[in-house]
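> attaching a predicted model along with its sequence, questions to come.
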Amino acid sequence: MGLKKFAAGVIKEGKRVRWPKREVLIPSIIVVLVIAVLTGLLLFAEDLAGKKLIDILSDAFKGQ
(Lines give C-alpha, C1' and ligand atoms only; values in the text may rest on other atoms or scores of the structure.)
Protein backbone atom coordinates (compact mmCIF):
# COMPACT_ATOMS: atom_id res chain seq x y z
CA MET A 1 0.00 0.00 0.00
CA GLY A 2 1.44 3.32 -1.06
CA LEU A 3 1.62 6.40 1.10
CA LYS A 4 -0.74 8.30 -1.22
CA LYS A 5 -3.38 5.56 -1.01
CA PHE A 6 -3.01 5.36 2.76
CA ALA A 7 -3.42 9.15 3.14
CA ALA A 8 -6.51 9.07 0.91
CA GLY A 9 -7.99 6.31 3.10
CA VAL A 10 -7.29 8.30 6.26
CA ILE A 11 -9.01 11.38 4.83
CA LYS A 12 -11.98 9.29 3.68
CA GLU A 13 -12.41 7.73 7.13
CA GLY A 14 -11.99 11.13 8.81
CA LYS A 15 -14.96 12.45 6.85
CA ARG A 16 -17.11 9.51 7.99
CA VAL A 17 -16.47 10.16 11.70
CA ARG A 18 -19.29 11.74 13.71
CA TRP A 19 -17.47 14.47 15.58
CA PRO A 20 -18.93 15.59 18.93
CA LYS A 21 -20.69 18.92 19.23
CA ARG A 22 -18.96 21.77 21.04
CA GLU A 23 -21.36 21.46 24.01
CA VAL A 24 -20.08 17.93 24.62
CA LEU A 25 -16.46 18.50 23.61
CA ILE A 26 -15.57 21.39 25.93
CA PRO A 27 -16.67 19.70 29.20
CA SER A 28 -14.87 16.53 28.13
CA ILE A 29 -11.65 18.46 27.52
CA ILE A 30 -11.98 20.13 30.93
CA VAL A 31 -12.43 16.75 32.64
CA VAL A 32 -9.33 15.36 30.89
CA LEU A 33 -7.25 18.40 31.86
CA VAL A 34 -8.39 18.26 35.51
CA ILE A 35 -7.56 14.55 35.73
CA ALA A 36 -4.15 15.16 34.11
CA VAL A 37 -3.32 17.96 36.59
CA LEU A 38 -4.45 15.90 39.59
CA THR A 39 -2.43 12.91 38.39
CA GLY A 40 0.61 15.14 37.94
CA LEU A 41 0.22 16.52 41.47
CA LEU A 42 -0.17 13.00 42.89
CA LEU A 43 2.98 11.80 41.12
CA PHE A 44 4.85 14.90 42.31
CA ALA A 45 3.79 14.23 45.92
CA GLU A 46 4.85 10.58 45.64
CA ASP A 47 8.21 11.66 44.23
CA LEU A 48 8.76 14.05 47.12
CA ALA A 49 7.77 11.37 49.65
CA GLY A 50 10.14 8.87 48.03
CA LYS A 51 13.00 11.38 48.08
CA LYS A 52 12.31 12.15 51.75
CA LEU A 53 12.31 8.42 52.59
CA ILE A 54 15.58 7.86 50.74
CA ASP A 55 17.14 10.84 52.55
CA ILE A 56 16.01 9.48 55.94
CA LEU A 57 17.37 6.01 55.17
CA SER A 58 20.60 7.48 53.84
CA ASP A 59 21.09 9.49 57.04
CA ALA A 60 20.27 6.46 59.19
CA PHE A 61 22.90 4.24 57.54
CA LYS A 62 25.56 6.93 57.05
CA GLY A 63 27.45 6.08 60.22
CA GLN A 64 27.86 2.38 59.41
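Received it, and whenever you're ready, just let me know what you need. All values reported here derive from a predicted model rather than from experimental measurement. Residues are numbered from 1 along each chain as shown.

> what are the boundaries of the helices in the protein?
Under the criterion DSSP state H, the chain contains helices at 3-16, 22-60.

> mind giving me the packing neighbours of the first one?
This means helix 3-16. Applying 3 or more C-beta pairs under 8 Å, 6 or more residues apart in numbering; DSSP states H and E, one finds that helix 3-16 contacts no other helix or strand. (Glycine included, C-beta is placed from N, CA and C.)

> now the helices of the chain in TSV, with mean neighbour count and mean pLDDT?
Listed next are the helices of the chain as TSV, based on neighbours: other C-beta atoms under 10 Å; pLDDT from 0 to 100:
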stretch	mean neighbour count	mean pLDDT
helix 3-16	9	93
helix 22-60	10	96
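
> residue contacts, K15?
Listed by C-beta atoms under 8 Å, 6 or more residues apart in numbering, the contact set of K15 is empty.

> how far away is the residue nearest to the spatial centre of the chain from L42?
The centre of the chain sits closest to A36, judged by C-alpha atoms, centre = their mean, with a distance of 5.7 Å. According to C-beta to C-beta, to the nearest Å, A36 stands 11 Å off from L42.
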